[in-house]
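**Q** The following comprises the amino acid sequence and a computationally predicted model.
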Amino acid sequence: MSEARQTIRLDKWLWQARFFKSRSLAAEIVSGGKVRVDGVPVSKPARAVGAGNVLTFAQDRRVRVVRILDCGNRRGPATEAQGLYEDLSPPVVQEPANPRFDGGGRPTGKDRRDMNAARGRDDPFALE
């Protein structure tokens with residue numbers, strides 16, 4: 001006799017795997033149609049998922065792609081939760097900071113005089 005495939009509710013699995021802080025947040029994301037199971041958009045939190053399914057969803061300004069390895073029995077520690085999935089997400093690319101802002105704030109009077117001198121304007125009060 002073959003063993004039946006173990007499944008779990010999608011919102012419950014997302015919560016157990018610690019992708020969302022509460023099950024209601026996970027259910028809200030799924031209900032909003034923001035989760036795909038094997039490339040197909042899902043809008044019901046009760047959708048059954050199991051080992052082998054690939055989930056795609058947005059989380060904190062990045063797209064997560066994970067393959068479910070196990071359904072799990074409880075919401076355990078993070079190390080246990082990381083064993084429930086394989087992360088297939090593309091590597092995170094750090095966006096460069098705003099190139100015009102170096103964190104120094106407004107230019108001082110000396111900075112302004114130096115900028116004017118570099119532009120060829122020796123007297124900032126001269127009328128052009």
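**A** Cool, got the structure.
**Q** In the protein, where is pLDDT below threshold?
**A** Where the chain drops to pLDDT under 70, the residues are 1-5, 95-103, 122-128.
**Q** Helices of that one, start to end?
**A** Assigned by DSSP state H, the helices in the chain fall at 10-16, 23-31, 78-82, 109-118.
**Q** of all these, which gets the most neighbours per residue?
**A** Ranked by mean neighbour count, the helices of the chain are led by helix 10-16 with a mean of 23 (mean count of other Cβ atoms under 10 Å). (Each C-beta comes from the backbone N, C-alpha and C, glycine too.)
**Q** Just give me how far that helix sits from the chain centre.
**A** Helix 10-16 sits 17 Å away from the centroid of its parent chain (Cα atoms, centre = their mean, to the nearest Å).
**Q** Show me what it is packed up against.
**A** When contacts are defined as 3 or more Cβ pairs under 8 Å, 6 or more residues apart in numbering; DSSP states H and E, helix 10-16 packs onto helix 23-31, strand 35-37, strand 48-50, strand 54-59.
**Q** now these in JSON lines, with distance to residue 112?
**A** JSON lines is the format used below for the helices and strands packed on helix 10-16 (distance: least, Cβ to Cβ, whole Å):
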{"stretch": "helix 23-31", "distance to residue 112": "49"}
{"stretch": "strand 35-37", "distance to residue 112": "53"}
{"stretch": "strand 48-50", "distance to residue 112": "61"}
{"stretch": "strand 54-59", "distance to residue 112": "44"}
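**Q** Lovely, talk soon.
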